[in-house]
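>>> fold the following.
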Amino acid sequence: MARDRNRRPPLNCPVCNERLALTRLSCPACDTELSGGFATCEFCVLSNEDRDVLRVFLASRGNMKELERHLGVSYPTARARFDTLLAKIGIDRPAAPPPSRVELMEQVARGEIDIDEALKRLETS
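Predicted coordinates for the structure are as follows:
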């Protein structure tokens, strides 16, 4: 029987919506089964697309510009996408204070954001 390796088990109970517990493991090679209480993987909540983003980020040793290029989006969009990924695995970053005018000019100079994005951020801060 062929198994689809891309299928993911549900995370929450379909009856009460509480988090499901991992209680059984099996070996596809020899049919050995283990049952008991097992810790779940915090990365199991990530979609395949999220896992790809995480792989690129880790492979580039945290280089956000490389992630930006891989996704084909602007730096702020790549950053927001990564922050969403972190939130999914329970790593919520505290809200950063809005950047100063000097910080925004430095980001423009480094090519992290364009002038329009800098102006938009100045208007909202």
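>>> can you classify the residue lying farthest from the centre of the chain as helix, strand or coil?
The outermost residue of the chain, judged against the average C-alpha position, is residue 30 (34.5 Å), by Cα atoms, centre = their mean. Assigned with DSSP: H, G, I helix; E, B strand; the rest coil, residue 30 falls in the coil class.
>>> now swap in residue 10 and tell me
coil.
>>> find me the pLDDT at it, would you?
Looking at residue 10, its pLDDT reads 80.
>>> shift numbering so it begins at 25
With the count now opening at 25, the last piece we talked about shows up as residue 34.
>>> what about it, how many residues nearby?
Counted by other Cβ atoms under 10 Å, the residues lying close to residue 34 total 7. In short, each C-beta sits where N, CA and C put it, glycine included.
>>> I figured it was touching residue 43, is that so?
No: the criterion here is Cβ atoms under 8 Å, and residue 34 misses it with residue 43 at 10.1 Å.
>>> what is the mean pLDDT for the helix ranked longest in the chain?
If you go by DSSP state H, the chain has its longest helix at helix 99-112. For helix 99-112, the mean per-residue pLDDT is 87.
>>> so which elements touch it?
Contact partners of helix 99-112 among helices and strands, from 3 or more Cβ pairs under 8 Å, 6 or more residues apart in numbering; DSSP states H and E: helix 72-83, helix 88-95.
>>> so which of the ones you listed comes closest to residue 128?
With Cβ to Cβ as the criterion, residue 128 lies closest to helix 88-95 of those, at 16.5 Å.
>>> so where's this protein uncertain?
25-30, 117-120, 149 (pLDDT under 70).
>>> and residue 58, its phi and psi?
phi -120, psi 140 (degrees, to the nearest 10).
>>> number of residues surrounding it?
Residue 58 - counted by other Cβ under 10 Å - has 10 other residues nearby.
>>> report the secondary structure state of the residue lying closest to it once chain neighbours are set aside.
Excluding the flanking residues, the one nearest residue 58 by Cβ to Cβ, 6 or more residues apart in numbering is residue 49, at 4.6 Å. Applying three-state DSSP to residue 49 yields a three-state assignment of strand.
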